[in-house]
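structure for the following, please:
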Amino acid sequence: MLVKTVPIQLDRERNLKLTLKGMLEFENLTKKSLWEVTEESFKGLTDDELGKLLWACLIWEDKELKLDDVLFAVNPGELVDIISKLLECLNNAFPKAKGGASEIPLPGKPRTGWRYGPLHVITSMFQRRNSGI
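Presented below is the predicted three-dimensional model:
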């Protein structure tokens, strides 16, 4: 299955795609599994974790890309757009069937929140951050 990439402008135009290697790297760095990320826990990702997720979604294209390179390429004012693109990337990596459930139900794996309202997730994240919570 070909997974659609998501273009993103950082230091240059790059393409986001979550691979198994990226998932493993994210888990190694954060001790969090993307299988366990729900809408609520995605809202709670720290800026550091968001940066690591961004890097994990870019390494498929550039195996020499360093985490610091990605973090230095991101301006805080671009976070809304970056989060939107990360959610689109996650939707591409974990496709859904017409009924809204994942195409292949995975035993013991919760349905992830980004499939059920990415705009709600983004709005909630920035309301929380702007309110100081």
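
after the helix or strand Glu49 falls within, next one along is what?
In the assignment (DSSP states H and E), Glu49 maps to helix 47-56. On the C-terminal side of helix 47-56, the nearest following helix or strand under DSSP H and E is helix 67-73.

what distance do you get for Arg12 to Val6?
15 Å (C-beta to C-beta, to the nearest Å). (C-beta placed from N, C-alpha, C; glycine too.)

okay, now the unreliable bits of this protein?
1, 38-39, 96-133 (pLDDT under 70).

where do the strands sit along it?
With DSSP state E as the criterion, the chain has strands at 6-9, 13-16.

list of residues touching the first one?
The contact list for strand 6-9, computed with C-beta atoms under 8 Å, 6 or more residues apart in numbering, reads 13-17, 82, 85, 88-89, 92.

want to throw those residues into CSV with neighbour count and distance to Thr30?
Shown next, in CSV, are the contacts of strand 6-9 (neighbours: other C-beta atoms under 10 Å; distance: C-beta to C-beta, whole Å):
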residue, neighbour count, distance to Thr30
Glu13, 8, 26
Arg14, 19, 21
Asn15, 15, 22
Leu16, 25, 17
Lys17, 18, 19
Ile82, 20, 17
Lys85, 18, 19
Glu88, 17, 20
Cys89, 26, 16
Asn92, 17, 21
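
quick check, nearest of those to Ile59?
Lys17 (9.6 Å; C-beta to C-beta).

and the nearest residue in space to the closest one that is not next to it in sequence, how far from Gly77?
Once flanking residues are discounted, Lys17 sits nearest to Thr5: 4.7 Å by C-beta to C-beta, 6 or more residues apart in numbering. In this view, Thr5 and Gly77 are 24 Å apart by C-beta to C-beta.

with neighbour numbers in mind, choose between those two.
Thr5 (17 against 7; other C-beta atoms under 10 Å).

and that one, what does it touch?
Thr5 touches 15-17, 89, 92, counting by C-beta under 8 Å, 6+ apart.

so Trp50 sits against Lys85, correct?
That one is not Trp; residue 50 is Leu. No. At 11.3 Å, Leu50 does not count as touching Lys85 under the criterion of C-beta atoms under 8 Å.
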